[in-house]
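Novice: dropping a prediction and its sequence here:
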Amino acid sequence: MSLIQDLLRKALKMEPPRTFISEPAIFITPSGDLVLDAGDAMCGVFQVKVPVSGIIQGATLYDPSDVLSGGVNVALCRARIAGGTVDAAFALVDDDLVNVIYQLNFVTFFDMTNGLVSSIENIGKRYRVPPEAPGGKMGIMYCQAATVGAATIVAGSHPSLRLEIDPDEHVD
């Protein structure tokens with residue numbers, strides 16, 4: 001940082017927005033064990049509450065079933081999508097394709113003995129979603145996950161996703 005920038009920041013008391021970490025968004029799956037083939041939609045469309053605009057910096061997938069080491073892809077969308085049918089090949093309808101912001105590809109998992117965790121860092125993808133209320137600072141990102149490899153999700157053991165975002169403005 002240059003001396004001029006440092007002086008300006010101190011004089012104007014400017015601070016960069018703090019990183020926003022979303023609440024874990026749970027992949028809601030049907031009751032009972034869910035046996036999935038590679039490429040199947042894992043859950044219905046789920047939502048993540050996020051700042052209206054910012055830069056996605058990181059994402060973490062939590063797998064309490066300890067079965068998703070074959071990989072998971074998650075489509076992040078700026079508007080409500082129809083989504084695919086659970087336990088069927090993942091597919092978005094043509095009209096939904098323009099709403100895709102980014103696809104998270106979780107391929108490397110850390111085994112925590114009773115579950116798996118996978119993180120993606122340094123994504124750097126800018127986005128904008130509509131505000132929940134006019135003039136609001138928070139909005140909704142719509143998501144759907146698909147398996148890369150075959151997996152069986154144990155009943156009551158839902159995977160979840162957390163996003164790390166550098167918002168364009170403070171969202172306390």
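Specialist: Received, thanks.

Novice: hey, let's count contacts and neighbours off CA atoms from now on
Specialist: Noted.

Novice: which is the next helix or strand following the worst-scoring helix or strand of the chain on mean pLDDT?
Specialist: Least confident helix or strand, the chain: helix 3-12 with a mean of 71, by mean pLDDT, DSSP states H and E. Heading C-terminal from helix 3-12, the first helix or strand you meet, by DSSP states H and E, is strand 20-21.

Novice: same question for that following strand, mean pLDDT?
Specialist: Strand 20-21 carries an average pLDDT of 95.

Novice: quickly run through the sheet partners of it, with directions.
Specialist: strand 160-167 (antiparallel) (DSSP bridges).

Novice: centre of the chain to the strand it pairs with, how far?
Specialist: The chain centre lies 6 Å from the centre of strand 160-167; the measure is Cα atoms, centre = their mean, to the nearest Å.

Novice: also stretch 63-83?
Specialist: Counting by Cα atoms, centre = their mean, stretch 63-83 comes out at 8 Å from the chain centroid.

Novice: which parts of that stretch are buried?
Specialist: The neighbour-count check on stretch 63-83 (16 or more other Cα atoms under 10 Å) flags 63-69, 71-79, 81, 83 as buried.

Novice: and if you look at stretch 140-158?
Specialist: Across stretch 140-158, burial judged by 16+ other Cα under 10 Å covers 140-151, 153-154, 157-158.

Novice: how about stretch 94-102?
Specialist: Neighbour-count burial for stretch 94-102 [16+ other Cα under 10 Å]: 96, 99, 100, 101, 102.

Novice: pLDDT on it, on average?
Specialist: Stretch 94-102 comes out with an average pLDDT of 95.

Novice: likewise for stretch 69-80?
Specialist: 96.

Novice: now do stretch 133-145
Specialist: 95.

Novice: so where do the helices sit in this protein?
Specialist: Taking DSSP state H, the helices of the chain run over residues 3-12, 94-97.

Novice: residue 93: how many residues sit nearby?
Specialist: Using other Cα atoms under 10 Å, residue 93 is surrounded by 11 other residues.

Novice: if you could redo that for residue 4, that was the one I meant.
Specialist: Quick note: residue 4 (other Cα under 10 Å) scores 9 neighbours.

Novice: go on, the one 3 residues further on?
Specialist: Applying other Cα under 10 Å, we find 11 other residues in the vicinity of residue 7.

Novice: same question, residue 56
Specialist: Applying other Cα under 10 Å, I find that residue 56 has 22 neighbouring residues.

Novice: now residue 123
Specialist: 15.

Novice: return the residues in contact with it.
Specialist: Applying Cα atoms under 8 Å, 6 or more residues apart in numbering, we find residue 123 in contact with 56, 57, 58.
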